[in-house]
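Visitor: Please find the sequence and the predicted model below.
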Amino acid sequence: GHRLTGSANGKKAEEFAYNLLKSYGFTNLRYQPFEVESWSRGTIRVQMGTDPANLQDVKSVSLAHSPVKADVNLEVVDMGNGLEEDYAAAPDKVKGKIALVYLGVLPGSKAGTKSLHRSEKTAIATKYGAQGIIIINTATGGILLTGTASVTGKLIPIPAVCIGKEDGMAWKEKLKAGKLYSHISLTNFSGMIKARNVIATIKGKSLSKEKVVVGGHLDSWDLATGAIDNGIGSFSVLDMARTFMALKLQPERTVEFVMFMGEEQGLLGSRAYVEAATKDKSINQVRYMLNYDMTNDPKGYSSTAEESKELFQSIGAIAHSLDTTFKNTFRSGAGLHSDHQPFMLHGVPTGGAAGGTLPNNSGPCYHADCDGFNLVDEMGMKNTVRFNAMLLYGIADSKEIKAKHFSDEETRIFLIKNNLKEPLQIAGDWRWKD
């Protein structure tokens with residue numbers, strides 16, 4: 001079943017991970033409870049058509065953090081890719097109406113156009129006065145995508161829904177010939193819930209006050225089992241933990257294996273971890289955070305810190321000597337929307353695997369009802385575990401980590417350099433005045 005944060009299944013997943021780590025021999029093992037506003041879906045009906053008196057049902061799914069109740073029956077306007085530039089060209093076009101936007105970047109868009117997260121597209125639509133948003137999925141075959149439409153992890157003021165690519169593109173064509181209307185009616189549930197991160201610790205030797213955090217989100221959406229997102233990532237981390245205990249590994253630095261809950265609903269668990277670590281100043285002890293989200297069969301390593309290239313590739317050279325399918329590539333840069341983000345925003349170097357591919361053409365099943373165990377590739381997971389257990393040990397046992405913990409100003413400059421200012425501003429996570 002699914003592992004939705006705050007649900008009975010979510011609680012079972014927390015307990016399963018805790019007991020599994022305990023069975024590996026961990027004694028320094030704890031839950032990290034947190035209380036947050038959570039969301040779960042209720043009912044939905046979306047109708048569309050060119051005649052407001054004769055609308056037809058369209059297969060759809062609610063996006064998370066849509067209102068507890070919404071009932072809108074309005075004109076639909078095509079807002080293209082749903083980016084700021086699409087609205088700025090005609091600021092009043094969507095006011096009091098429903099925005100129809102594409103999840104990614106439409107074919108034929110100008111070269112270099114970069115997409116935004118669905119939550120950021122929803123925030124932009126809301127800013128320009130939209131009373132609802134219909135997002136067209138990019139996957140073919142009528143697949144519906146769920147996921148949060150909130151940049152804050154709290155309820156949004158307008159209903160946000162996803163429809164299939166084929167339906168969506170057909171409605172876009174009809175809009176070229178005349179007006180289009182939609183009736184969106186939905187109910188959902190929202191309230192305070194309790195969830196728990198699961199943390200297993202191996203205390204380091206000579207540098208025990210420094211730590212490397214390695215994590216993956218245990219939670220999933222509720223449409224399927226979440227085998228790829230993020231079963232393969234979280235259980236790879238669990239198996240790295242098993243490996244360390246089985247081999248009785250104790251590196252110089254402390255290692256924390258963390259199963260985060262609430263990632264799908266707004267990085268809730270990792271935010272709770274960083275908030276607690278900031279409060280007790282232990283965030284300053286975190287030398288690296290490695291994150292594994294939908295990781296499969298990696299061919300190299302990645303880091304936010306270019307200075308880590310030498311260390312990472314020295315570790316990767318050993319991996320390559322054992323298995324030449326591991327190419328020992330290195331990629332530096334930064335992105336958002338996974339559990340590394342709260343750490344990165346506090347200046348912690350983050351990294352993990354790179355160069356992998358999702359197994360069994362599972363990409364279209366992202367956040368969809370087809371994300372099942374049949375998509376998992378055993379060898380791909382084994383490669384994630386063995387190559388990244390090596391990375392983890394190599395970092396934790398290294399005499400020197402050149403990647404530094406950024407100051408507040410250095411963090412600001414780094415985020416601007418990586419073109420993350422705009423999405424962080426939209427999300428309300430840009431804490432600087434400029």
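Guide: Looks like it arrived, so ask away. Numbering: from 1, shown residues only.

Visitor: going forward, measure contacts between C-alpha atoms and count neighbours the same way
Guide: OK.

Visitor: For my notes, confirm residue 194 occurs in a strand.
Guide: Yes - checked against DSSP: H, G, I helix; E, B strand; the rest coil, residue 194 lies within a strand.

Visitor: so what does the longest helix along the chain touch, helix or strand wise?
Guide: Identified as the longest helix of the chain according to DSSP state H is helix 378-397. Packing partners of helix 378-397 (3 or more Cα pairs under 8 Å, 6 or more residues apart in numbering; DSSP states H and E): strand 207-217, helix 232-246, strand 253-260, helix 309-322, strand 350-354.

Visitor: Could you rerun that using 6 Å?
Guide: On a contact count with 3 or more Cα pairs under 6 Å, 6 or more residues apart in numbering; DSSP states H and E, helix 378-397 meets helix 232-246.

Visitor: what inclination does the longest helix of the chain have with respect to helix 309-322?
Guide: Per axes from the mean of the first three to the mean of the last three Cα atoms, to 10 degrees, the angle that helix 378-397 makes with helix 309-322 is 140 degrees.

Visitor: Tell me the gap between helix 378-397 and the middle of its chain.
Guide: 21 Å (Cα atoms, centre = their mean, to the nearest Å).

Visitor: Show me which parts of it are buried, residue by residue.
Guide: Neighbour counts over helix 378-397 (16 or more other Cα atoms under 10 Å) mark 380-397 as buried.

Visitor: and if you look at stretch 169-182?
Guide: Of all the residues in stretch 169-182, those buried under the rule 16+ other Cα under 10 Å are 171, 172, 175, 180, 181, 182.

Visitor: Tell me which entries of the residues you listed lie within strands.
Guide: Using DSSP state E, the members of these that fall in strands are 180, 181, 182.

Visitor: Kindly provide the distance from the residue nearest to the last one when sequence neighbours are not counted to residue 179.
Guide: Sequence neighbours aside, residue 48 is the residue nearest to residue 182 in space, at 4.3 Å (criterion: Cα to Cα, 6 or more residues apart in numbering). Distance of residue 48 to residue 179, computed by Cα to Cα, to the nearest Å: 11 Å.

Visitor: In three-state terms, label the residue nearest to residue 182 for me.
Guide: Using three-state DSSP, the structure places residue 48 in strand.

Visitor: try residue 342
Guide: In three-state terms, and counting by three-state DSSP, residue 342 is helix.

Visitor: Just give me the residue right at the centre of the chain.
Guide: For the chain, residue 338 is the residue whose C-alpha lies nearest the centre (Cα atoms, centre = their mean; 3.7 Å).

Visitor: Can you pull the phi/psi pair for it?
Guide: Note on residue 338: backbone dihedrals following degrees, to the nearest 10 are phi -150, psi 180.

Visitor: what's near enough to touch it?
Guide: With Cα atoms under 6 Å, 6 or more residues apart in numbering as the criterion, no residue contacts residue 338.

Visitor: and with 8 Å instead?
Guide: Counting by Cα atoms under 8 Å, 6 or more residues apart in numbering, residue 338 touches 263, 267, 293.

Visitor: I figured the second one hits residue 339, correct?
Guide: Yes - taking contact to mean Cα atoms under 8 Å, the distance of 5.9 Å between residue 267 and residue 339 places them in contact.

Visitor: Excluding sequence neighbours, find me the nearest residue to residue 316.
Guide: Spatial nearest neighbour of residue 316, excluding adjacent residues (Cα to Cα, 6+ apart): residue 328 at 5.0 Å.

Visitor: Could you list the low-pLDDT ranges of the stretch 301-434 of the chain?
Guide: Along the stretch 301-434 of the chain, no part satisfies pLDDT under 70.

Visitor: ok, now which ones touch the nearest residue to residue 230 once chain neighbours are set aside?
Guide: Once flanking residues are discounted, residue 230 sits nearest to residue 294: 5.4 Å by Cα to Cα, 6+ apart. Neighbour list for residue 294: 228, 229, 230, 231, 232, 233, 358 [criterion: Cα under 8 Å, 6+ apart].
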